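structure for the following, please:
(chains A and B)
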Amino acid sequence: MRFAVRIDVTHVPGVLDPQGATVERALPALGYDNVSEVSIAKTIRLVLEAESRASATAQIDEMCRRLLANPVIERYTVELGEVVAP
Amino acid sequence: MSTRVGVVVFPGTNCELDVVWAVEQLGASAELLWHGDATVRGVDAVVVPGGFAHGDYLRTGAIARFSPVMGAVADYAAAGGPVVGICNGFQVLTESGLLPGALQKNRGLTFLCQTVELRVETTRSVLTGRAEKGAVLRVPINHFEGNYVCDPDTLRQLQDEDRVVLRYVDNPNGSLDDIAGIVNETGNVVGLMPHPERASDLLLGSADGIVLLQSLLG
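Here you go, the predicted model:
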């Protein structure tokens, strides 16, 4: 099975996100006074071949823990969609 | 026999020759350790220098930690060998799990290239053994991602165990607790953002880094 995978890597809540903080200061300067909790995330997309959805999920989780995210400052969420052959 | 210092080189490392020059000025010999070779060649100390290892893609140090040489560096560190990570080297050591915490983008999102004042907070590390506690050293920084972070438990542990090696006198980058450098539990692995090798001769504007490098050379 082929899976289209989208991984969002976000800042751990509580750890200062310097990019989010900067954008949060910039938006009110443009007149948007109603913005809060800005955070900047990273999206990683890939296609994975796996025998099952469970196996794909397990492999992606391992990739995230080993390389794609740094647990000290980042969290990740995964979306898995099956790719149907054309 | 002079102390042999191994200086790790990844694709994208750019401070290795500065480190070589500085330690040779102090009477040591230096050799470059290519990242693809899984050995530290029996050196007396290892420096992971600054630069942009593997382009800093994904996160600083994230790819470098999987280079073959890092397995050898981890074994060397576990056996008590002195290891110092400078700037990008510090980032590589945190990604490798040899030091706790992480370095993220500077507060204010500016690349910082300036000489800063550092206070020596402990002499119980391979980098500060010959320094004086409380001494203030002028050493350059040159980084975009030098903002040290860790979880509250780790911070408490670093403080309680006297493992904050250097603090910024005037915090330039937002680092937690003004941290510029830390050491592992056993005192033999140090990471710091400032560049002591660039403060190793008065001609460079400061020679305050010499005491740190001399500590490493034993």
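
please enumerate the helices of chain A.
A:18-29, A:53-63 (DSSP state H).

got CSV for those helices, with mean pLDDT too?
Listed next are those as CSV, based on pLDDT from 0 to 100:
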stretch, mean pLDDT
helix A:18-29, 92
helix A:53-63, 97
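
redo these as a markdown table? Include mean neighbour count and distance to residue B:103.
(C-beta placed from N, C-alpha, C; glycine too.) Formatted as a markdown table, these follow (neighbours: other Cβ atoms under 10 Å in any protein chain shown; distance: least, Cβ to Cβ, whole Å):
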| stretch | mean neighbour count | distance to residue B:103 |
| --- | --- | --- |
| helix A:18-29 | 14 | 12 |
| helix A:53-63 | 15 | 22 |
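
nearest to chain B, of those helices?
helix A:18-29 (4.5 Å; Cβ to the nearest Cβ).

and residue 72, how many neighbours?
All of this is about chain A. Applying other Cβ atoms under 10 Å in any protein chain shown, we find 19 residues neighbouring residue A:72.

I was thinking of chain B, sorry if that wasn't clear
Using other Cβ under 10 Å, residue B:72 is surrounded by 20 other residues.

same question for residue B:134.
9.

just the strands in the chain please.
Since you didn't name a chain, this refers to chain A. For chain A, the strands defined by DSSP state E cover A:2-11, A:42-49, A:74-83.

you looked at the wrong chain, it should be chain B
For chain B, the strands defined by DSSP E cover B:4-9, B:29-34, B:45-48, B:83-86, B:102-104, B:112-120, B:136-143, B:147-149, B:164-168, B:179-183, B:189-192.

span of stretch B:156-169 from start to end?
In stretch B:156-169, first residue to last residue: 20 Å (Cα to Cα, to the nearest Å).

may I see the buried residues of that stretch?
Residues B:158, B:163, B:164, B:165, B:166, B:167, B:168 are the ones in stretch B:156-169 that count as buried (16 or more other Cβ atoms under 10 Å in any protein chain shown).

which two from these end up farthest apart in space?
Pairwise distances across these peak at 16.3 Å for B:163 and B:168 (criterion: Cβ to Cβ).

picking that back up, any chance of the strands of chain B in a markdown table, with mean pLDDT and distance to residue B:21 too?
Below are those laid out as a markdown table (pLDDT from 0 to 100; distance: least, Cβ to Cβ, whole Å):
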| stretch | mean pLDDT | distance to residue B:21 |
| --- | --- | --- |
| strand B:4-9 | 98 | 10 |
| strand B:29-34 | 98 | 8 |
| strand B:45-48 | 98 | 12 |
| strand B:83-86 | 98 | 14 |
| strand B:102-104 | 96 | 25 |
| strand B:112-120 | 98 | 19 |
| strand B:136-143 | 98 | 15 |
| strand B:147-149 | 97 | 27 |
| strand B:164-168 | 98 | 22 |
| strand B:179-183 | 98 | 21 |
| strand B:189-192 | 98 | 19 |
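
what's next to stretch A:28-43, contact-wise?
With Cβ atoms under 8 Å, 6 or more residues apart in numbering or on different chains as the test, stretch A:28-43 has contacts from A:6-11, A:17, A:19-21, A:23-24, A:27.

in a markdown table: the strands of chain B, plus distance to residue B:15.
Below are the strands of chain B laid out as a markdown table (distance: least, Cβ to Cβ, whole Å):
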| stretch | distance to residue B:15 |
| --- | --- |
| strand B:4-9 | 9 |
| strand B:29-34 | 12 |
| strand B:45-48 | 9 |
| strand B:83-86 | 7 |
| strand B:102-104 | 16 |
| strand B:112-120 | 13 |
| strand B:136-143 | 9 |
| strand B:147-149 | 19 |
| strand B:164-168 | 18 |
| strand B:179-183 | 16 |
| strand B:189-192 | 13 |
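
and those: which comes nearest residue B:202?
Proximity to residue B:202, assessed across these by Cβ to Cβ, is greatest for strand B:136-143 (11.1 Å).

sheet partners, orientation included, of that closest one?
strand B:112-120 (antiparallel) (DSSP bridges).

flag every buried residue along stretch B:105-121.
Judged by neighbour count using 16+ other Cβ under 10 Å, the buried positions of stretch B:105-121 are B:105, B:106, B:107, B:112, B:115, B:116, B:117, B:118, B:119, B:120, B:121.
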